[in-house]
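**Student:** missing the sequence, but the structure's below:
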């Protein structure tokens, strides 16, 4: 795609979404008295039939795990919408904006990013009744009214007894919190609650239907939502939710332009044909991919958390060289969180005829899309390669596995991970797409 068209896409998207998002971002300067109580004139939710589910995730969880938690709660929202219980049919799932994550490098920790910056929200809505946070403000708040008091908050926690015994059963129990639980909903200082309970929980997200059916609250927040599991794993519903989680056109335009310019790769040449609407996707296994090998080499936190599982840079280079030779290729695309010194070392150990390519975004791209945008472009470029090698136990790699399954690659070209050493070469679990 012509690079001028990409720039035009970028600025149109920037203008439209920044204006829409900032207009409805809650003011953070009123509605609180000195002792933490509230002014009487701050708004509650207006009278209508809509009900809202909010969810929060442990701040230490990364971008790709948060995407996975979204799917668990999107399946819950879809389940409620299809319920015969009239109390449940009007729930909407509010998408928590992307806030600063521990492994992201941008400095403004209070800046909040809507899902539409990264994903096609209309595609998400075709799967389940979801809305952006700014859409919630737009729907429910009158001008000049700033405070949102969540009717009920449940802080989800694992069952210690089950974690110790390994005997897991689906079960929840609501109880009084042992200590005051702070509620800070993604840096919104005036989204709060006077009604916070704790809940020991094990089971799928749909088990929360018990709480929702028994409640008359209009707004309910589940904190530490990562505790809830997928209602099903690996079946058609799991994959339908995943297929609906499509990147937006700006992300795809940037990735496609980079592929064409630096990797000699286009959808037509690579036999990649994806329907415009995910609901029209068909099973296929004949994608060939671009003429390059893609590698996800995770280093930073894994270097300390899983040192025995990580290969040396020299051994990574050896594995890349062997696979390039087997595939008859000379270009490798690298997605990594490694420091520049590791990348330079990798270049040193690779044969001289090998071309190492990385995506280095321009400043304006980083300023707008932050680290999340860069991660998505890396994943898209890995997803379109002739052959992919990831890092074991990395959710970043798992998302690429899924994307390649959706695009229709042969499994042997996808489910590969870097070996730790000559004697430690585990194979990843293969989760085949189901329609």
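**Tutor:** Thanks, I have it. From a predicted model like this one, the values you see are computed outputs, not experimental measurements.
**Student:** Show me how this protein divides into domains.
**Tutor:** Domains of the chain are assigned by automatic domain parsing as 3-236, 248-413.
**Student:** Show me the strands in the stretch 1-150 of the chain, by range?
**Tutor:** Here the stretch 1-150 of the chain has its strands, by DSSP state E, counting those that start in this stretch, at 51-55, 91-95, 130-132, 148-149.
**Student:** one step back: using a markdown table, lay out the domains of the chain together with distance to residue 435.
**Tutor:** All C-beta spots, glycine's among them, are computed from the backbone N, C-alpha and C. Formatted as a markdown table, the domains of the chain follow (distance: least, Cβ to Cβ, whole Å):
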| stretch | distance to residue 435 |
| --- | --- |
| domain 3-236 | 6 |
| domain 248-413 | 5 |
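**Student:** what's the most buried one of those?
**Tutor:** Ranked by average neighbour count under the criterion mean count of other Cβ atoms under 10 Å, the domains of the chain are headed by domain 248-413 at a mean of 18.
**Student:** Just the terminal-to-terminal distance for it.
**Tutor:** Distance between the two ends of domain 248-413: 25 Å, counting by Cα to Cα, to the nearest Å.
**Student:** about what we covered before: Throw the strands of the stretch 1-150 of the chain into a markdown table and include distance to residue 287 and mean pLDDT, thanks.
**Tutor:** Output for the strands of the stretch 1-150 of the chain, formatted as a markdown table (distance: least, Cβ to Cβ, whole Å; pLDDT from 0 to 100):
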| stretch | distance to residue 287 | mean pLDDT |
| --- | --- | --- |
| strand 51-55 | 34 | 97 |
| strand 91-95 | 30 | 97 |
| strand 130-132 | 29 | 97 |
| strand 148-149 | 45 | 86 |
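**Student:** partner residues bridging residue 294?
**Tutor:** Beta-bridge partners for residue 294, by DSSP bridges, are residue 333, residue 388.
**Student:** can you pull the contacts of it?
**Tutor:** Counting by Cβ atoms under 8 Å, 6 or more residues apart in numbering, residue 294 touches 332, 333, 334, 335, 381, 382, 383, 384, 385, 387, 388, 389.
**Student:** Return the distance of the residue nearest to the fifth one when sequence neighbours are not counted relative to residue 343.
**Tutor:** Counting by Cβ to Cβ, 6 or more residues apart in numbering, residue 381 lies nearest to residue 333, which is 5.4 Å off, once chain neighbours are set aside. In this structure, residue 333 and residue 343 are separated by 12 Å, where distance is defined by Cβ to Cβ, to the nearest Å.
**Student:** who touches both of the two?
**Tutor:** Going by Cβ under 8 Å, 6+ apart, residues that sit against residue 333 and also against residue 343 are residue 358.
**Student:** Quick check: of the contacts of residue 294, which lies closest to residue 246?
**Tutor:** For these, the closest approach to residue 246 (Cβ to Cβ) belongs to residue 383, at 12.2 Å.
**Student:** three-state assignment of the closest residue to the closest one other than its chain neighbours?
**Tutor:** What sits nearest to residue 383 in space, not counting adjacent residues and going by Cβ to Cβ, 6+ apart, is residue 403, at 3.9 Å. Using DSSP: H, G, I helix; E, B strand; the rest coil as the criterion, the local structure at residue 403 reads helix.
**Student:** Do I have it right that residue 403 meets residue 378?
**Tutor:** No - Residue 403 is beyond contact range of residue 378, at 11.4 Å (criterion: Cβ atoms under 8 Å).
**Student:** before we move on, back to that, can you name the residues that contact the residue nearest to residue 383?
**Tutor:** With contact set as Cβ under 8 Å, 6+ apart, residue 403 has these partners: 379, 380, 383.
**Student:** please redo it, this time with the cut-off set to 10 Å
**Tutor:** 242, 245, 246, 247, 379, 380, 382, 383, 384, 388, 409, 414 (Cβ atoms under 10 Å, 6 or more residues apart in numbering).
**Student:** was I right about the last one contacting residue 384?
**Tutor:** So the one you mean is residue 414. No - with contacts defined as Cβ atoms under 10 Å, residue 414 does not count as touching residue 384, sitting 11.6 Å away.
**Student:** what do these two both touch?
**Tutor:** Joint contacts of residue 414 and residue 384 (Cβ under 10 Å, 6+ apart) are 287, 289, 403, 404, 407.
**Student:** ok, of these, which one's closest to residue 111?
**Tutor:** Closest approach to residue 111 among these (Cβ to Cβ): residue 403, at 27.0 Å.
**Student:** on that earlier part again, can you tell which of the strands of the stretch 1-150 of the chain is closest to residue 198?
**Tutor:** In terms of Cβ to Cβ, the element of the strands of the stretch 1-150 of the chain nearest to residue 198 is strand 51-55, at 15.6 Å.
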